[in-house]
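Peer 1: Got a predicted structure plus its sequence, pasted below:
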Protein chains: 4
Amino acid sequence: MSEHRSQYTHRVRVGYIDTDQGGIVHHSVYLRWLEQARVELMRVNGLDHTTIGYDTEFSLPVARVQLRYLRPAHFDEELDVQCTLAKVGRASLQFDYRVVRGDMLLTQAEVTLACVNVKTGRVARTPEAFRKIVEE
Amino acid sequence: MSEHRSQYTHRVRVGYIDTDQGGIVHHSVYLRWLEQARVELMRVNGLDHTTIGYDTEFSLPVARVQLRYLRPAHFDEELDVQCTLAKVGRASLQFDYRVVRGDMLLTQAEVTLACVNVKTGRVARTPEAFRKIVEE
Amino acid sequence: MSEHRSQYTHRVRVGYIDTDQGGIVHHSVYLRWLEQARVELMRVNGLDHTTIGYDTEFSLPVARVQLRYLRPAHFDEELDVQCTLAKVGRASLQFDYRVVRGDMLLTQAEVTLACVNVKTGRVARTPEAFRKIVEE
Amino acid sequence: MSEHRSQYTHRVRVGYIDTDQGGIVHHSVYLRWLEQARVELMRVNGLDHTTIGYDTEFSLPVARVQLRYLRPAHFDEELDVQCTLAKVGRASLQFDYRVVRGDMLLTQAEVTLACVNVKTGRVARTPEAFRKIVEE
């Protein structure tokens, strides 16, 4: 039986490919890391694409993204992407993020996913499994 | 002498690389297009990295990004990225965006750039050239 | 009626996102441009995903890639991606590429696509439409 | 004192961002993983950008890439990128790769880096530190 945890910290290593000619991580790269972190948060809760019908019954397209870049990250640094499932709505999931290097906050983010029925293409009720994560 | 225009529409073609297994454009790709559109908006105003000291005197790191994904885009579609320099702050630039397919609004976005002195690494006054764009 | 041309030159503009901290275009970016160029070569021959059953009847996964990086490209440069459909095999397509800046050769590449039946997942005979391109 | 090893296996997890609408990992993504693996191979040999003057004294631009895609990879799979420093030339490094899922070979690759003096921009002698890796 899997635990229920609404928080997960995902460690990433900055690659050379992630940098731009300003010598810092390009702002677009963070969306990659945020996605990885929420997949891992799901996984520690026993939810992955094989168990929850993802892409066969429902999908979770990104509906809204907000990022604040406070300090830059650099090549080869190890960063922690702190991911929290903050809210499970009727037909949406909201994740809050802090990207930190040690105890230095680099980036804050919020990502909202919509829940969509893949057969009808319409908004669908958020699966109960997600609700359990935040209720624990 | 170059014109001053605070709006520019940049056309993009969705590549196969831009899609994900959900069959739509991955949400991270839009940041690429927003960046392209603001570079082109600068260019029609006679401002490019060779004329304005970009990366030698000052840089314009992305400070804040907000995206709302209303409808998906698909492989091989032609999209128009409508970019407006909405506000020139003391040490920042704010761009508003609408990504459309024909007259269908797909994505709305706001991007704020900070103005930074590359020698000192500190916040710098926005170059006058940007102010002219919105005053016209 | 569409023409048959085995060559097409696709112009690209280097984005800031395409650079790395070495101040040049990251080597991975060229695969994006090569893909765009072959989609456009197909299009001028009247072949696109809507006309040739791409992804519904057959797919063309990349089977082999070879790239030689001779000179670097930089932010905001305009490059020409010269794409040639060099060979139509029984179950494959081979494209040759030259990426140039003006008359300066920057990168050479070869890309081989396999032709696969999407229902069976097995190698399939290359559609006749591709053969016509090189025979003209 | 660090060990000398010419081989390193780097584990990666396929992200949703890495897939395309064909339902497999896009062919461009492998270059990201190959780069990560060779950075890690260097690291276990005590060589990273802080110890070897990378980007301050010399750089190692990619000069040649060859990839053979034998079988596709899919979302959320864990893959092993087996990286070998195969040859240290006078002014180049050659890495051989096998990307595997369990004992199934998915992709083979070779990457050649050139060694360049960052001050002169000219080809430079490969640092002795790399030679030690393959001699052990």
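Peer 2: Happy to help now that I have it. Numbers count the residues shown, from 1 in each chain, chains lettered A, B, ... in the order given.
Peer 1: In three-state terms, how would A:F130 be classified?
Peer 2: Following DSSP: H, G, I helix; E, B strand; the rest coil, we place A:F130 in the helix state.
Peer 1: Go ahead and confirm it touches A:G46.
Peer 2: No: with contacts counted by CB atoms under 8 Å, A:F130 stays clear of A:G46, the gap being 11.5 Å. All C-beta spots, glycine's among them, are computed from the backbone N, C-alpha and C.
Peer 1: Compare these two and say which one has the larger neighbour count.
Peer 2: A:F130 (21 against 15; other CB atoms under 10 Å in any protein chain shown).
Peer 1: How about the contacts made by the more buried one?
Peer 2: A:47, A:85, A:88, A:93 (CB atoms under 8 Å, 6 or more residues apart in numbering or on different chains).
Peer 1: Could you do A:I24 as well?
Peer 2: A:72-74, B:61, C:21.
Peer 1: and if you look at A:D20?
Peer 2: A:26, C:16-17, C:19-21.
Peer 1: Tell me the residues of chain A that contact chain C?
Peer 2: Counting by CB under 8 Å from any CB of the partner chain, chain A comes close to chain C at A:16-17, A:19-24, A:26, A:28, A:75.
Peer 1: Swap in 6 Å and give it another go.
Peer 2: Within reach of chain C by CB under 6 Å from any CB of the partner chain, chain A has these residues: A:16-17, A:19-21, A:23, A:26, A:75.
Peer 1: between these, which has the most around it?
Peer 2: Neighbour-wise, the residues of chain A next to chain C (other CB under 10 Å) top out at A:H26, 25 neighbours.
Peer 1: Residue numbers of chain A in contact with chain D?
Peer 2: Near chain D, when you scan chain A using CB under 6 Å from any CB, you find A:15-17, A:32, A:35-36, A:49, A:76.
Peer 1: Taking these, tell me the two that lie furthest apart.
Peer 2: A:H49 and A:D76 (30.8 Å; CB to CB).
Peer 1: Please tell me how far A:R125 sits from chain D.
Peer 2: A:R125 sits at a distance of 22 Å from chain D (criterion: CB to the nearest CB, to the nearest Å).
Peer 1: Could the C-alpha coordinates of stretch A:21-35 be exported in PDB?
Peer 2: The C-alpha trace of stretch A:21-35 is given here as PDB (Å, rounded to 0.1, in the frame of the first residue of the first chain):
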ATOM      1  CA  GLN A  21      24.500  32.500 -24.000                       C
ATOM      2  CA  GLY A  22      23.700  34.700 -20.900                       C
ATOM      3  CA  GLY A  23      25.400  32.000 -18.900                       C
ATOM      4  CA  ILE A  24      22.300  31.000 -17.000                       C
ATOM      5  CA  VAL A  25      19.500  28.400 -17.300                       C
ATOM      6  CA  HIS A  26      17.000  29.500 -20.000                       C
ATOM      7  CA  HIS A  27      13.700  30.300 -18.500                       C
ATOM      8  CA  SER A  28      11.900  27.700 -20.600                       C
ATOM      9  CA  VAL A  29      13.800  24.800 -19.000                       C
ATOM     10  CA  TYR A  30      11.900  25.100 -15.600                       C
ATOM     11  CA  LEU A  31       8.700  23.800 -17.200                       C
ATOM     12  CA  ARG A  32      10.600  20.500 -17.900                       C
ATOM     13  CA  TRP A  33      11.600  20.300 -14.300                       C
ATOM     14  CA  LEU A  34       8.100  21.200 -12.900                       C
ATOM     15  CA  GLU A  35       6.600  18.400 -15.000                       C
END
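Peer 1: Please work out the average pLDDT along it.
Peer 2: In this model, stretch A:21-35 has an average pLDDT of 97.
Peer 1: Identify the residue spatially nearest to the residue located most distally from the centre of chain A, adjacent ones excluded.
Peer 2: Of all residues in chain A, A:Q21 sits farthest from the chain's C-alpha centroid, using CA atoms, centre = their mean; the distance is 26.8 Å. Spatially, and ignoring its direct neighbours in sequence, A:Q21 is nearest to C:T19 (3.9 Å; CB to CB, 6 or more residues apart in numbering or on different chains).
Peer 1: A:G53: neighbour count?
Peer 2: Using other CB under 10 Å, A:G53 has 13 neighbouring residues.
Peer 1: Which residue comes closest to it once chain neighbours are left out?
Peer 2: Nearest residue to A:G53 in three dimensions, chain neighbours excluded: A:P127, at 7.8 Å (CB to CB, 6+ apart).
Peer 1: Next one: the one you found, what pLDDT does it get?
Peer 2: A:P127 is assigned 89 on the pLDDT scale.
Peer 1: Quick check: it vs A:N45, distance?
Peer 2: Distance, A:P127 to A:N45, using CB to CB, to the nearest Å: 12 Å.
Peer 1: More neighbours: the two, which one.
Peer 2: A count of neighbours by other CB under 10 Å puts A:N45 above the other of A:P127 and A:N45, at 22 against 18.
Peer 1: Could you say which helix or strand holds the residue nearest to the more buried one when sequence neighbours are not counted?
Peer 2: Closest residue to A:N45 apart from its sequence neighbours, by CB to CB, 6+ apart: A:I133 at 5.2 Å. If you go by DSSP states H and E, A:I133 is part of helix A:128-135.
Peer 1: before we move on, back to that, from the contacts of A:D20, which ones fall inside strands?
Peer 2: Using DSSP state E, no member of those sits in strands.
Peer 1: which parts of chain A sit against chain B?
Peer 2: Residues of chain A lying near chain B by CB under 6 Å from any CB: A:22, A:27-28, A:31, A:59, A:62-69.
Peer 1: could you redo the last one with a cut-off of 8 Å?
Peer 2: Within chain A, the positions near chain B by CB under 8 Å from any CB are A:21-22, A:24, A:27-28, A:31-32, A:35, A:55, A:59, A:61-69, A:72.
Peer 1: In this structure A:Y54 contacts A:L60, no?
Peer 2: Yes: judged on CB under 8 Å, A:Y54 makes contact with A:L60 at a distance of 7.1 Å.
Peer 1: follow-up on the earlier one: wait, which of the residues of chain A next to chain C is closest to chain B?
Peer 2: Set against chain B, the nearest of the residues of chain A next to chain C by CB to the nearest CB is A:Q21 (6.9 Å).
Peer 1: I'd say the closest one and B:D55 touch.
Peer 2: Yes: under the criterion of CB under 8 Å, A:Q21 makes contact with B:D55 at 6.9 Å.
Peer 1: A:E57: what's its closest spatial neighbour, skipping adjacent residues?
Peer 2: A:V118 (6.3 Å).
Peer 1: Chain A: strands as residue ranges?
Peer 2: A:7-13, A:58-59, A:62-69, A:78-88, A:92-101, A:104-114, A:116-117.
Peer 1: Compute the number of surrounding residues for the residue nearest to A:E57.
Peer 2: Residues within reach of A:V118, counting by other CB under 10 Å, total 16.
Peer 1: cool, and A:G102?
Peer 2: A:G102 has 9 neighbouring residues, counting by other CB under 10 Å.
Peer 1: same check, this time on A:T51
Peer 2: Summarising burial for A:T51: neighbours were counted as other CB under 10 Å, giving 13.
Peer 1: what sits against the residue most central in space within chain A?
Peer 2: Most central in chain A under CA atoms, centre = their mean is A:R38, positioned 3.2 Å from the mean C-alpha point. Contacts for A:R38 (CB under 8 Å, 6+ apart) come out as A:83, A:85, A:95, A:111.
Peer 1: Of those - the most surrounded one?
Peer 2: Busiest of the contacts of A:R38 [other CB under 10 Å] is A:C83, holding 28 neighbours.
Peer 1: which residues touch A:P61?
Peer 2: Per CB under 8 Å, 6+ apart, neighbours of A:P61: A:113-114, A:116, B:22, B:24, B:27, B:69, B:72.
Peer 1: Most neighbours among these, which one?
Peer 2: B:H27 (24 neighbours).
Peer 1: That residue and A:R32 touch, don't they?
Peer 2: No: using CB under 8 Å, B:H27 makes no contact with A:R32, being 10.5 Å away.
Peer 1: what's in contact with stretch A:7-18?
Peer 2: Taking CB under 8 Å, 6+ apart as the rule, stretch A:7-18 contacts A:25-26, A:29, A:33, A:36-37, A:40-41, A:44, A:73-85, C:20-22, C:26, C:28, D:31-32, D:35-36, D:39.
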